[in-house]
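A.B. asks: I'll drop the sequence and a predicted model, then ask my questions.
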Amino acid sequence: MGGLSHDLVQVGPPFLPYRLFALRFLFPSSEPELTRQLSERDFMPFPCTEQLDRGLRHFQQLLLNKTFLLTLIRTLEADKYRFRMTERANFAGFLMVVLQSQLVYCTDVMKTLLAELIEKSLEKSQHPKLLLRRAESVAEKMLTHWLAFLLYKYLKECAGQPLYILFQSLKQQIYKGPVDAVTHEAKYSLSEDKLIRQTVEYQPLTIDIVSNLDYENHTPVKVLDCDTITQVKEKILDTIFKGVGHSKRYQPDDMDLEYRDQNRLLLFDEDVTSLAEEGWRKHNTLAHYKVSDGAQMSLLPRQHCLESTLSTLRSNGSKNHYESVSLLSRRSHSPSGQDESVQRHHLVRDCRARANGEAPGANNNNKLMSEVYLTRLITTKMGLQSYIDELFETIFSTTHRGSALPLPIKFLFDFLDDQALHHGIAEPEVVHTWKSNSLPLRFWVNVIKNPEFLLDVDKPPVVDASRFRRWVYRYYEDVARMTPVSEQDMNALLMEESRLHADEFNTRLALWRIYQEFTYPHLTELCRALEDDEFANSHRLSQRLEQAQALLATFAESKA
């Protein structure tokens, strides 16, 4: 795979812009619609008025008061019934959108919350190593997002390239053998749970892709005869659009595959020729269509294919290759045209189908011995080891190829060291575990398992991100020996990051969501907590909240 690595270095990774990267980190489980709304600075779910804008400005000023914000967070976290994991994640995401332009203040709030969390954890638990492991608090979620905001530049300039090379190498390694299009099991999987344990007969083929516009332009593409038609289209598109972002190229569903044999034939995953038995219908493969090595094919835009087909039918008035296949294909692409009682399969039948009437043990005769598939699993991982090592050596080195350690990492580790010292924790393993739970576990594992957060690529297979342990001990020691980051230098970095990305997000929408979904339902408890706080009383925070509430009440009540 050395050639692949060289090609990818020449092309460069297709990085997502900061805005998309940050929003995918902030709201990983949300619908794409939320990302779109937070990307459009003027979007609001209802017509805006001057009264609404004034109310949101009042509320924003309250959020920028540390006493108010800490009181709000404590009030929310005290409500275990309504402020659950999903609500905490969304609140932290919206809050970081609002505070992105005030990262010095955001960092101060985060440090206070983390210090409180550490103190509470040590008071309640006999196991201080568990701190930061589960990311259940607003503070922990803010920390993850803070790292994402501040390490984006480092990812683009340093760590992103070995991550991209690992992703593409992993994809190439897995798809050089059969991959089941339905169960997603693979012969060369990295996960034992997703390993094909049946014997699958297959042959590698090289097909000749002819451009529909330039018949002199031929592109060889390596495929397997057991590939479904969609898998073949994916491999063709990967070859043609190498280095192009996933969102900037055609998708398999946009194209039809034309087989240029003695006649021209459109190939589909499912058509009238698909094999069906005992309630199962098998996806069509190249072997099903008897495609041979060196066969010529073309990818055609789907609309072009349909128009061409109808034109041909009208011109000769007779049936041909296209009529029965393409008409049924169009039905099969429509959900209403599929027989829901029929189960689809590709290489293996999902074992869960046994619960639907398949005889137990029906596929056991083809099961590989555990020693065989275990050896294959190890071999697959060994084939990727150099790329995994390169990535981990990059992210767990203080001076990798001239790239300096990002200041936020040194700042965070020094903070955790100070907290351990403050609480009299002398066991090095405890603070080591805190660091591992904050940076590798909360940030790097997230990036490695979800490279589509950073890169314009399709959702990848899972990479085993647990093999970084042999680097981190030395890494933590090297970081500890470095000169501490001065408050002046850290604040300068935070202010520059805020300046660079000041207009990235729809702050008004985030403010509204924080007020309507989290503040408004807790107004009574929040006002009571503010009235009980001496500083809040002296700065009339409860009254200022009432003023904001008076301006926003009409909108909040109508949306409640």
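C.D. replies: Great, that's in hand.
A.B. asks: Show me where the chain has its strands.
C.D. replies: Counting by DSSP state E, the chain has strands at residues 204-210, 218-224, 255-260, 264-267, 276-277, 280-282, 296-301, 343-345, 399-400, 403-404.
A.B. asks: isn't S247 right up against D456?
C.D. replies: Yes. With contact defined as Cβ atoms under 8 Å, S247 and D456 form a contacting pair (5.4 Å). Every residue, glycine included, has its C-beta placed from N, CA and C.
A.B. asks: And the two? Which one has more around it.
C.D. replies: D456 (18 against 12; other Cβ atoms under 10 Å).
A.B. asks: Show the contacting residues for that one.
C.D. replies: Counting by Cβ atoms under 8 Å, 6 or more residues apart in numbering, D456 touches 14-16, 245-248.
A.B. asks: pLDDT weak spots in the stretch 301-450 of the chain?
C.D. replies: For the stretch 301-450 of the chain, the stretches with pLDDT under 70 are 303-340, 351-373, 400-403.
A.B. asks: hmm, try it at 80
C.D. replies: Under the criterion pLDDT under 80, the flagged ranges of the stretch 301-450 of the chain are 303-341, 350-381, 383, 399-403.
A.B. asks: Run through the helices of it in chain order.
C.D. replies: 302-316, 321-332, 370-395, 407-422, 428-438, 445-449 (DSSP state H, counting those that start in this stretch).
A.B. asks: Only the buried residues of the last one, if you could.
C.D. replies: By 16 or more other Cβ atoms under 10 Å, the buried positions in helix 445-449 come out as 446-448.
A.B. asks: Distance check, the closest residue to E504 other than its chain neighbours against L95.
C.D. replies: The shortest distance from E504 to any non-neighbouring residue, by Cβ to Cβ, 6 or more residues apart in numbering, is to R19 (4.6 Å). Going from R19 to L95 by Cβ to Cβ, to the nearest Å gives 17 Å.
A.B. asks: Compare these two and say which is more crowded by neighbours.
C.D. replies: The neighbour count for R19 versus L95, taken as other Cβ under 10 Å, is higher for L95 (26 against 15).
A.B. asks: so what's that one up against?
C.D. replies: Contacts of L95 by Cβ under 8 Å, 6+ apart are 63, 138, 142, 510, 514.
A.B. asks: Now the two most distant members of these.
C.D. replies: Farthest pair in the contacts of L95 (Cβ to Cβ) is V138 and A510. Separation: 14.8 Å.
A.B. asks: what sits against L143?
C.D. replies: Neighbours of L143 in contact, by Cβ under 8 Å, 6+ apart: 110, 114, 132, 412, 438, 442.
A.B. asks: Output those in JSON lines; the columns should cover neighbour count and distance to A548.
C.D. replies: Converted to JSON lines, the contacts of L143 look like this (neighbours: other Cβ atoms under 10 Å; distance: Cβ to Cβ, whole Å):
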{"residue": "M110", "neighbour count": "23", "distance to A548": "24"}
{"residue": "L114", "neighbour count": "23", "distance to A548": "28"}
{"residue": "L132", "neighbour count": "26", "distance to A548": "33"}
{"residue": "L412", "neighbour count": "25", "distance to A548": "33"}
{"residue": "S438", "neighbour count": "24", "distance to A548": "34"}
{"residue": "R442", "neighbour count": "20", "distance to A548": "33"}
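A.B. asks: Tell me the one of these nearest T379?
C.D. replies: Closest to T379, out of all of the contacts of L143 and judged by Cβ to Cβ, is R442, at 31.8 Å.
A.B. asks: Just give the closest residue to the closest one, not the sequence neighbours.
C.D. replies: T144 (4.6 Å).
A.B. asks: Touching, the one you found and W444? I think so.
C.D. replies: No. Assessed by Cβ under 8 Å, T144 is found out of contact with W444, at 10.8 Å.
A.B. asks: Output the strands of the chain in JSON lines; the columns should cover distance to L155 and mean neighbour count.
C.D. replies: Converted to JSON lines, these look like this (distance: least, Cβ to Cβ, whole Å; neighbours: other Cβ atoms under 10 Å):
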{"stretch": "strand 204-210", "distance to L155": "34", "mean neighbour count": "17"}
{"stretch": "strand 218-224", "distance to L155": "31", "mean neighbour count": "16"}
{"stretch": "strand 255-260", "distance to L155": "32", "mean neighbour count": "20"}
{"stretch": "strand 264-267", "distance to L155": "40", "mean neighbour count": "20"}
{"stretch": "strand 276-277", "distance to L155": "48", "mean neighbour count": "10"}
{"stretch": "strand 280-282", "distance to L155": "42", "mean neighbour count": "17"}
{"stretch": "strand 296-301", "distance to L155": "33", "mean neighbour count": "18"}
{"stretch": "strand 343-345", "distance to L155": "39", "mean neighbour count": "17"}
{"stretch": "strand 399-400", "distance to L155": "13", "mean neighbour count": "13"}
{"stretch": "strand 403-404", "distance to L155": "11", "mean neighbour count": "13"}
